[in-house]
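In: coordinates only, sequence not included:
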């Protein structure tokens, strides 16, 4: 019975979805024209960019079906919801809404996902780090709302 599962497991590997890593366009990243402190940029990169940017570092397990289906689908959904690599620099109100959403998700504990931080220690935010990102995102939203 065990040996019957091996061919099935091997055949499943042929069903892996595409691991898309879109080209990053210079100047489109959220921090391209930002005066964010380096520690804020690093925290966002560590906690958010694997799912919410075009700079995904695909882990080894994302190539193993059926886990690959979940991981690739999750990242595709995350990029559609918020992609730091395709920031609306030319639309301050849209950018303001995005920063408000980011601060809300961080404040509620919805992001980063626990399922992600269990496997990615650098994405874990302690209390002060989380508060730093929340404050920065809220301040950025207010700055954009004021038209500065």
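Out: Looks like it arrived, so ask away. Just so it is clear, the model here is predicted, and its values are computed rather than measured. Numbering: from 1, shown residues only.
In: pretty sure residue 84 contacts residue 30?
Out: Yes. Checked against C-beta atoms under 8 Å, the pair residue 84 and residue 30 is within contact range at 4.4 Å. C-beta here means a position set from N, CA and C on the backbone, and glycine is covered the same way.
In: Name the residues contacting each of the two.
Out: Residues within reach of residue 84 and of residue 30 at once, by C-beta atoms under 8 Å, 6 or more residues apart in numbering, are residue 44.
In: The two: which has the busier surroundings?
Out: Comparing residue 84 with residue 30 by neighbour count (other C-beta atoms under 10 Å), the higher total belongs to residue 30, at 26 against 21.
In: can you map out the helices along this protein?
Out: 2-12, 38-48, 67-81, 92-108, 114-117, 127-145 (DSSP state H).
In: Residue 50: neighbour count?
Out: As a burial measure, residue 50 scores 22 neighbours (other C-beta under 10 Å).
In: quick one: contacts for it?
Out: Listed by C-beta under 8 Å, 6+ apart, the contact set of residue 50 reads 56-57, 75, 116, 120, 123.
In: Give me the buried subset of the residues you listed.
Out: 56, 75, 116, 120, 123 (16 or more other C-beta atoms under 10 Å).
In: And the residue nearest the centre of this protein?
Out: Centroid-nearest residue in the chain, with C-alpha atoms, centre = their mean: residue 52, separated by 2.6 Å.
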